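Participant: What would the 3D arrangement of this be:
(one chain, ligands or ions: 1)
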Amino acid sequence: MSVRTRIAPSPTGDPHVGTAYVALFNYAWARRSGGQFILRIEDTDRQRSHPASERMIFDSLRWLGLSWDEGPDVGGPHGPYRQSERTEIYRERAEELLRRGGAYLCFCTPERLDALRAEQREKKLASGYDGLCRSLPAEEAHRRRAAGEPHVVRLAMPDDDAMVVRDALRGDIRFERPQMDDQVLLKSDGYPTYHLANVVDDHLMRITHVIRAEEWLSSLPKHVQLYRSFGWEMPVFCHLPLLRNADRSKISKRRNPVSLNHYRRAGYLPEALLNYLALMGWGMPDGREEFTLDEFVASFTLERISLGGPVFDQEKLTWLNGKYMRRLTPAELLARLQGHLLSDEYMLRVLPLVQDRIDTLEGFFDYAHFFFAGEVGYDDEALKELIPRNRTAADAAKALQVLLEGHVDPLLDWEAASIEAALRAFADAAGWSAKETFMAVRVAATGRVATPPLFETLAVLGKEVVRRRLRRAIEQLRAARPAA
Ligand code: GLU
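Facilitator: Residues are numbered from 1 along each chain as shown. From the prediction side, this is the model:
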């Protein structure tokens, strides 16, 4: 049987460096084995899923040079490849599981579940469903469902004290009872949870190797039970070590830029980033640290993946990227710049904003450098404008942090109109005037008090640059001595 691997991202935010990492290993195993690599969009969380996020996932993986054989945008024989288009399939499979006795209907109200949770917390018991509805006689359950009583479908986990499951890298892993509660499979609105949709799709899409991040390991007993209850053959499970911050905590955007858009805008070379990501779980047999994607694929085996918690160190990545940069000929370097910050596309977005404000060609470089730099500096005058009247630098730092995390980060449609709406929402919430807000953001994002129209400027700069500069401005404010 031919090897089939997949990446199954949820389109709920900016494209994550962890997605590229997991995609790379799946890609390598599929290519190495002459099999197929599939991209599936797991968008069953309707509230958090966003088409812009999905587009950015496609774009950034392609930018990295990873291609897939089947997926929402390329089609394939096992589609649709977007879970929101497969809800009927999950409902049918949930019915099948009910018939097979692998699942049951649960009518417990949210109030009962809240009370149960509170009681478990108070008694310091493991949390999880207590199985009350499991003992409902079948006729009663059917009658209540037919009468329209709200319900969910739950997985019936075995009563055993523990379950032992195999991971290709870790060998047999023992999960104890508290990690095996009766998971919801189908919610009361008829939508599947991750667990049901993920397993059903891996089976129907004939996935042979589930290679994913370590954070999903705790779901494994549930998934294994699903395969058993359906009577399906199990894929090989392989949980990659989690990427970590320097302090060894799980990689997070507070410590490291995690958006692929950041690395792309900052001008990391895709081949260097891929090389670096490969090093996160892999050592070449000959110990070489620099290698191409093709070389990686050619030598790849699952067994050689190492489990030590890899630290994603931006400085080391930058160092490696520098080595790749210096290997380019000037003509190649020029082509990279022209494909990026000096592309016609980017220049034609910058120029209309700048044209009215310069009198000579040379003036362009004096005026417009903030469209090309990574970070900008803040002189004392600029710093003052970051702080609304009657507030302290510390207040401003706190508020801008809220702006960053609560209003900028979640914004996936990065366009002038949505940026304006986000800034106004922040102003309302923070009790800042619109004028104060716009000035602070203008200065933070450009280092200047006078710029082309703000929202258009921010749109052209891109979210990643704005984030980075806001972060820098916040740091400066925190370091600022309180005004005398
Ligand atoms: N949708 C999950 C994610 O966002 C997929 C996890 C898996 O690969 O099973 O990572």
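Participant: going forward, measure contacts between C-alpha atoms and count neighbours the same way
Facilitator: Noted.
Participant: what pLDDT, on average, does stretch 213-224 get?
Facilitator: Taken as a whole, stretch 213-224 has an average pLDDT of 95.
Participant: Residues in contact with that stretch: which ones?
Facilitator: 22, 155, 157, 163, 165, 175, 179-180, 183, 195, 199, 234, 239-242 (C-alpha atoms under 8 Å, 6 or more residues apart in numbering).
Participant: Ranking by neighbours, what's the top pick from the residues you listed?
Facilitator: Leu155 (29 neighbours; other C-alpha atoms under 10 Å).
Participant: does it really touch Tyr104, like I thought?
Facilitator: Yes. The pair Leu155 and Tyr104 qualifies as a contact (C-alpha atoms under 8 Å) at a distance of 6.6 Å.
Participant: Strands of the stretch 201-350 of the chain, residue ranges please.
Facilitator: Listed in chain order, the strands of the stretch 201-350 of the chain (DSSP state E, counting those that start in this stretch) span 209-213, 236-240.
Participant: Where does the stretch 301-450 of the chain get nearest to the ligand, residue-wise?
Facilitator: Nearest residue of the stretch 301-450 of the chain to the ligand: Leu302, at 16.2 Å (C-alpha to the nearest ligand atom).
Participant: So for that residue, what pLDDT did the model give?
Facilitator: 94.
Participant: quick one, what contacts it?
Facilitator: 29, 168-169.
Participant: Filter the residues you listed down to just the ones in helices.
Facilitator: Counting by DSSP state H, the contacts of Leu302 place Trp29 in helices.
Participant: Tell me the one of the contacts of Leu302 nearest Tyr276?
Facilitator: Nearest to Tyr276 among those: Trp29, at 17.3 Å, using C-alpha to C-alpha.
Participant: Most neighbours among the contacts of Leu302, which one is it?
Facilitator: In terms of neighbour count, Trp29 stands highest of the contacts of Leu302 at 26 neighbours, by other C-alpha under 10 Å.
Participant: just checking, that one touches Phe300?
Facilitator: Yes. Under the criterion of C-alpha under 8 Å, Trp29 makes contact with Phe300 at 6.8 Å.
Participant: State the distance from the residue of the stretch 301-450 of the chain closest to the ligand to Ala28.
Facilitator: Leu302 is 10 Å from Ala28, where distance means C-alpha to C-alpha, to the nearest Å.
Participant: before we move on, what about Ala399?
Facilitator: Ala399 is 44 Å from Ala28, where distance means C-alpha to C-alpha.
Participant: Looking at these two, which has the bigger crowd around it?
Facilitator: Ala28 (27 against 20).
Participant: Hmm, Glu295 and that one touching each other?
Facilitator: No. Contact criterion C-alpha under 8 Å: Ala28 and Glu295 do not qualify, at 10.0 Å.
Participant: Phe371 - nearest residue in space that isn't next to it in sequence?
Facilitator: What sits nearest to Phe371 in space, not counting adjacent residues and going by C-alpha to C-alpha, 6 or more residues apart in numbering, is Leu461, at 6.1 Å.
Participant: any idea how far the one you found is from Leu39?
Facilitator: From Leu461 across to Leu39, the span is 30 Å (C-alpha to C-alpha).
Participant: now swap in Lys435 and tell me
Facilitator: The gap separating Lys435 from Leu39 is 45 Å, by C-alpha to C-alpha.
Participant: Give the helix, strand or coil label for whichever residue of the stretch 51-200 of the chain sits closest to the ligand.
Facilitator: Relative to the ligand, the nearest point of the stretch 51-200 of the chain is Asn198 (6.2 Å; C-alpha to the nearest ligand atom). At Asn198 the chain is in helix, as set by DSSP: H, G, I helix; E, B strand; the rest coil.
Participant: For it, list the residues it contacts.
Facilitator: Contacts for Asn198 were tallied using C-alpha under 8 Å, 6+ apart; they are Glu42.
Participant: what about 10 Å?
Facilitator: The neighbourhood of Asn198, defined by C-alpha atoms under 10 Å, 6 or more residues apart in numbering, consists of 8, 40, 42, 83, 90, 192, 223.
Participant: One more: Ser49?
Facilitator: Residues in contact with Ser49 (C-alpha under 10 Å, 6+ apart) are 10-13, 41-43, 84.
Participant: Apply 8 Å and report the result again.
Facilitator: By C-alpha under 8 Å, 6+ apart, the residues touching Ser49 are 10-13, 43.
Participant: Now Leu342: phi and psi?
Facilitator: phi -100, psi 20 (degrees, to the nearest 10).
Participant: Also Gln36?
Facilitator: Main-chain torsions, Gln36, degrees, to the nearest 10: phi -120, psi 150.
Participant: State the distance from it to Gly71.
Facilitator: Counting by C-alpha to C-alpha - Gln36 and Gly71 are separated by 11 Å.
Participant: re the thing from before, give the residues shared as contacts by Leu302 and Ala28.
Facilitator: Taking C-alpha under 8 Å, 6+ apart as the criterion, Leu302 and Ala28 do not both touch any residue.
Participant: Go ahead and name everything in contact with the helix-or-strand element of the chain with minimal mean pLDDT.
Facilitator: Within the chain, no helix or strand scores below helix 380-385, which has a mean of 89 by mean pLDDT, DSSP states H and E. Residues outside helix 380-385 that contact it (C-alpha under 8 Å, 6+ apart) are 439-440, 443, 447-449, 477.
Participant: Glu420 - nearest residue in space that isn't next to it in sequence?
Facilitator: Using C-alpha to C-alpha, 6+ apart, the nearest residue to Glu420 is Phe455, at 6.1 Å.
Participant: burial count for the residue lying closest to Arg6 once chain neighbours are set aside?
Facilitator: Nearest residue to Arg6, sequence neighbours excluded (C-alpha to C-alpha, 6+ apart): Ile38, at 4.4 Å. Look at Ile38: counted by other C-alpha under 10 Å, it has 27 neighbours.
Participant: Am I right that Ile38 is in a strand?
Facilitator: Yes. Applying three-state DSSP, one finds Ile38 inside a strand.
Participant: how about the helices of the stretch 301-450 of the chain, start to end?
Facilitator: 314-327, 330-338, 344-354, 361-368, 380-385, 393-402, 416-430, 434-446 (DSSP state H, counting those that start in this stretch).
Participant: list the buried ones in the longest one?
Facilitator: Residues of helix 416-430 classed as buried under the neighbour-count rule (16 or more other C-alpha atoms under 10 Å) are 416, 419-420, 422-427, 430.
Participant: could you say what helices and strands that helix packs with?
Facilitator: Applying 3 or more C-alpha pairs under 8 Å, 6 or more residues apart in numbering; DSSP states H and E, we find helix 416-430 packed against helix 434-446, helix 454-461.
Participant: To Ala473, which of these lies closest?
Facilitator: Nearest to Ala473, of all these, is helix 434-446, at 5.6 Å by C-alpha to C-alpha.
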